[in-house]
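Engineer: Show me how the following folds:
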Amino acid sequence: MKLRLLFGPVLIIALLGLMVLDERLEAIATPAWLAPLWPQASLPGGLVLLLLGMLAAGRAGLELARMFNAMNIQASKRHLTVAAASGVLAGGLCIGGPGSALMGDHAGTVLATAGALVVLLSMLAYVRDKDLKGAGGAVAAAAFTFIYMGVALGFLLAIRREHSVWVMVAVIMIVKMCDSGAYFTGTAFGKHKLIPWVSPGKTWEGLVGGLITAAGFAMLFVVVGRAWADGAGFGTGGLKGIGLLEAAVLGVLLGGLGQLGDLSASVVKRDAGVKDAGRILPGFGGMLDMLDSLVITAPAAYWAFVLLRS
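Structural biologist: Sure, this is the predicted structure:
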C-alpha cells in the first residue's frame with residue numbers, strides 16, 4: 001500500500017506532463033518533409049501518446065508472452081511485443097470518425113491489413129523453425145495480443161484527436177480513481193468476495209467504493225472544467241456540456257467497465273498461476289496490470305462521447 005501511495009502520484013504527474021507536451025506539439029507547424037504525408041498546417045494531436053502507448057503496450061506484450069508460456073503456449077516474447085505495439089500503432093492511425101482517422105478513407109483497410117500481417121508473420125516464423133508443435137496456440141496468442149493490448153488502446157488516440165487532451169486524461173483518471181477507490185475501500189472494509197475464482201482480492205465493498213470514487217472524480221472534472229478559462233472538460237472538443245448527474249453516471253459506467261477490464265486480465269493471470277503480470281511498476285505490478293482496466297473502457301468511452309455530441 002505504501003508503494004502505491006508513493007508511486008501513484010509520480011505516475012499521475014508524469015502523465016500530466018506528457019500530455020502538456022503532447023498538446024504543445026500539436027501547435028507546431030508541419031515540417032516540409034512531412035507535408036506529403038500530413039498536409040495539415042500543424043502536427044496531428046496524440047504523437048506523444050502514440051509513442052507512449054506503443055512502448056507501454058510492447059512491455060505488456062512481453063508480460064503476456066511470459067504468462068502464455070506458463071500455460072504451455074509457446075508464445076514468442078519478441079512476437080507479442082511487436083504485436084502489441086503494432087496494434088496500438090494501427091489503432092491509433094485508423095480509429096476515429098470522419099476527418100479524425102489519420103489514414104483517412106483507407107483506415108479500415110490499413111487496420112485489417114495490420115491484423116492479417118500479425119497473424120501471417122507469426123505463422124511464417126514458426127514454419128521457419130520447422131517445428132509446428134504449438135504453432136496454432138502461438139499464432140492465436142499474437143492475434144489476441146494485437147487486439148487486446150493493442151487495438152483496444154488505439155481508441156484513446158481517437159479520443160485524444162477528437163476532443164481536448166484533458167478529456168482523454170479524464171477517461172484514464174476516472175478509471176484509475178475507480179481502481180484506487182476499490183483497492184483502498186476493499187482493503188479497509190471488504191468482507192464479501194466479488195468473484196473469488198477470478199480475482200480473490202476483489203470485494204463488493206471495494207467495487208462500490210471504486211464506483212463512488214469514479215463518479216465523484218467525473219463530477220469534479222466537470223466542475224473544474226467549467227471554471228477554467230479555456231473551458232477544458234467534457235464540454236470541449238465537440239462534446240455538448242453535461243450536468244453533474246450525467247457526469248456521475250458516466251463515471252460509474254467507465255469505472256465499472258474498468259473493473260471488468262481488470263477482471264479480464266485476471267482470467268489470464270489466474271490461468272498462468274500468477275498474481276501480477278510483472279514488477280516493473282512498484283506497488284502496481286506489471287504494465288499489463290496498469291493497462292488492463294483501459295482495454296474495455298477506451299472503446300466504450302469513445303462511443304459514449306459519440307453519443308454525447310450527437
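
Engineer: For the lengthiest helix in the chain, buried residues please.
Structural biologist: Identified as the longest helix of the chain according to DSSP state H is helix 244-272. Within helix 244-272, the residues that count as buried by 16 or more other Cβ atoms under 10 Å are 246-248, 250-259, 261-263, 265-266, 268-269, 272. C-beta here means a position set from N, CA and C on the backbone, and glycine is covered the same way.

Engineer: same check, this time on stretch 105-112
Structural biologist: Neighbour-count burial for stretch 105-112, with 16+ other Cβ under 10 Å as criterion, is recorded at 107, 110, 111.

Engineer: The first one sits in which helix or strand?
Structural biologist: In this assignment (DSSP states H and E), residue 107 forms part of helix 107-128.

Engineer: List the contacts of the following helix or strand past that helix.
Structural biologist: For helix 107-128, the following helix or strand on the C-terminal side (DSSP H and E) is helix 135-146. Residues outside helix 135-146 that contact it (Cβ atoms under 8 Å, 6 or more residues apart in numbering): 61, 64-65, 68, 73-76, 79-80, 83-84, 86-87, 114-115, 118-119, 122-123, 126-127.

Engineer: same deal with stretch 193-213?
Structural biologist: Here stretch 193-213 has contacts from 177-187, 189-192, 251-252, 255-256, 259, 262-263, 266-267, 270, using Cβ under 8 Å, 6+ apart.

Engineer: In the top strand by length along the chain, which residues are buried?
Structural biologist: Across the chain, the longest stretch assigned as strand under DSSP state E is strand 199-203. Within strand 199-203, the residues that qualify as buried are 199, 202, 203, counting by 16+ other Cβ under 10 Å.

Engineer: Could you provide those residues in a markdown table, with additional columns for distance to residue 164 and pLDDT?
Structural biologist: Formatted as a markdown table, the buried residues of strand 199-203 follow (distance: Cβ to Cβ, whole Å; pLDDT from 0 to 100):
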| residue | distance to residue 164 | pLDDT |
| --- | --- | --- |
| 199 | 34 | 85 |
| 202 | 33 | 88 |
| 203 | 35 | 91 |
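
Engineer: between those, which is nearest residue 288?
Structural biologist: Nearest to residue 288 among those is residue 199, at 14.0 Å by Cβ to Cβ.

Engineer: can you give me the strands for the stretch 1-150 of the chain?
Structural biologist: Per DSSP state E, counting those that start in this stretch, the stretch 1-150 of the chain has no strands. Nothing in it meets that criterion.

Engineer: where along it do the helices fall?
Structural biologist: Using DSSP state H, counting those that start in this stretch, the helices of the stretch 1-150 of the chain run over 2-26, 47-70, 77-94, 107-128, 135-146.

Engineer: again, but for the stretch 151-300 of the chain
Structural biologist: Taking DSSP H, counting those that start in this stretch to define them, one finds helices in the stretch 151-300 of the chain at 152-162, 165-189, 204-227, 244-272, 287-291, 297-308.

Engineer: Work out the gap between the longest one and the centre of the chain.
Structural biologist: Taking Cα atoms, centre = their mean, to the nearest Å, the mean C-alpha location of helix 244-272 is offset from the chain mean by 12 Å.

Engineer: Dump the buried residues of stretch 105-112 to CSV, plus pLDDT and distance to residue 41.
Structural biologist: Below are those laid out as CSV (pLDDT from 0 to 100; distance: Cβ to Cβ, whole Å):
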residue, pLDDT, distance to residue 41
107, 90, 21
110, 93, 24
111, 94, 26
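
Engineer: Can you list the low-confidence ranges for the stretch 51-200 of the chain?
Structural biologist: Along the stretch 51-200 of the chain, segments meeting pLDDT under 70 span 129-131.

Engineer: related to what we said a few turns ago, of the buried residues of strand 199-203, which is the nearest to residue 36?
Structural biologist: residue 199 (49.4 Å).
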